[in-house]
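In: No sequence on hand, only this structure:
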């Protein structure tokens, strides 16, 4: 049974799995007093220190709400990020989704720090993920906790749930909804219908960050396939020509300098 659980865990989409795991681990550690909230929240003054505490751009999205939020927030994050990662044509490349998280997260931080305050913004990110994942699912039914509702009504259901459990979370959720709308306008509506250009195209450094060597799992280990031409030469020739691959012979070059040789047992 434990092995089946771990197999299912590792089979889950990587980005959704990793972000949900970070939220669970960070939230338990913070809410139970193992880690101080002071190391996690976003604050401009912390960025102006030396060295700047740049991890706060990410860690402010790792803290869930207390009590029931420790369960619901990672669940919602996983569900809607999984849909974007596996089934949304807008994010056919990994860098597209990474850049979406970076830009929408930046918008949420800006809107809250400029108008609402606060230092933790996971609720806004969850709302943005839910809106982006369901906005094109017209006519499709989707599950929300124990209910089945039209997929496009999921953001409204989340607002209604907050109204019942924690009305103070609604302004943060609205900033996430606004950020997702703005991203959709700049990346899809404006280029398609306004004749503009897509300013949400991932920059080169994001593509560079997500490109890693391909891994092949084997019974006896892991093979890493480097891209062709990564070192200017391939295979055996990268070893200084000692394999003889560059000469067309199956023997190393060093074997060709040893003389004519003799048959064993001969005179």
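Out: Nice, thanks for sending it over. From a predicted model like this one, the values you see are computed outputs, not experimental measurements. Numbers count the residues shown, from 1 in each chain.
In: can you give me the helices in the stretch 1-150 of the chain?
Out: Assigned by DSSP state H, counting those that start in this stretch, the stretch 1-150 of the chain shows helices spanning 2-11, 14-31, 44-47, 56-59, 69-87, 94-111, 122-134.
In: Among these, which comes closest to residue 156?
Out: helix 122-134 (10.0 Å; C-beta to C-beta). No exception for glycine: its C-beta is placed from N, CA and C like everyone else's.
In: in the closest one, what counts as buried?
Out: For helix 122-134, the neighbour count (16 or more other C-beta atoms under 10 Å) marks 122-134 as buried.
In: got any ranges where this structure has weak pLDDT?
Out: Applying pLDDT under 70 to the chain picks out residues 1, 212-267.
In: go again using 80 as the cut-off
Out: Within the chain, the ranges that satisfy pLDDT under 80 run 1-2, 192-198, 211-267.
In: What segments of the stretch 151-267 of the chain are helices?
Out: 154-165, 170-184, 190-193, 204-210.
In: Would you mind finding the most buried of those?
Out: Stretch with highest mean neighbour count among the helices of the stretch 151-267 of the chain: helix 170-184 (a mean of 20; mean count of other C-beta atoms under 10 Å).
In: And for that helix, what's in contact with it?
Out: 100, 103-104, 107-108, 111-112, 116, 118, 121, 123-129, 131-132, 135, 155, 158-159, 162-163, 200 (C-beta atoms under 8 Å, 6 or more residues apart in numbering).
In: One more: stretch 87-99?
Out: Applying C-beta under 8 Å, 6+ apart, the contact partners of stretch 87-99 are 15, 84-85, 100, 132-133, 187-188, 200-203, 206-207, 209-210.
In: what about 10 Å?
Out: For stretch 87-99, contacts defined as C-beta atoms under 10 Å, 6 or more residues apart in numbering pick out 13-16, 80-81, 83-85, 100-101, 132-133, 135-137, 183-184, 187-188, 200-212.
In: In contact with the one residue sitting closest to the centre of the chain, which residues?
Out: Centroid-nearest residue in the chain, with C-alpha atoms, centre = their mean: residue 15, separated by 3.9 Å. By C-beta under 10 Å, 6+ apart, the residues touching residue 15 are 78, 81, 82, 84, 85, 86, 91, 94, 97, 98, 101, 210.
In: Look up how far residue 72 lies from it.
Out: 20 Å (C-beta to C-beta, to the nearest Å).
In: and if you look at residue 58?
Out: The gap separating residue 58 from residue 72 is 21 Å, by C-beta to C-beta.
In: before we move on, what about residue 168?
Out: From residue 168 across to residue 72, the span is 16 Å (C-beta to C-beta).
In: Tell me which of these two has more neighbours.
Out: Neighbours per residue (other C-beta atoms under 10 Å) separate residue 168 from residue 72, with residue 72 holding more: 17 against 8.
In: Surely that one touches residue 169?
Out: No: between residue 72 and residue 169 no contact is recorded; they are 11.3 Å apart, counting by C-beta atoms under 10 Å.
In: can you list residues touching both of those two?
Out: The contact lists of residue 72 and residue 169 share 65, 158, 161, where a contact means C-beta under 10 Å, 6+ apart.
In: okay, these in CSV with distance to residue 4 next?
Out: Listed next are the shared contacts of residue 72 and residue 169 as CSV, based on distance: C-beta to C-beta, whole Å:
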residue, distance to residue 4
65, 30
158, 31
161, 32
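In: Next, count neighbours for residue 93.
Out: Residue 93 has 12 nearby residues by other C-beta under 10 Å.
In: cool, the one 3 residues further on as well?
Out: Residue 96 has 19 neighbours, counted by other C-beta under 10 Å.
In: And it, how far from residue 179?
Out: Distance from residue 96 to residue 179, by C-beta to C-beta: 16 Å.
In: cool, and residue 129?
Out: 11 Å.
In: again, but for residue 105
Out: Taken as C-beta to C-beta, the span from residue 105 to residue 179 is 8 Å.
In: same thing with residue 35?
Out: Applying C-beta to C-beta to residue 35 and residue 179 gives a distance of 27 Å.
In: Many thanks, I have nothing further to ask.
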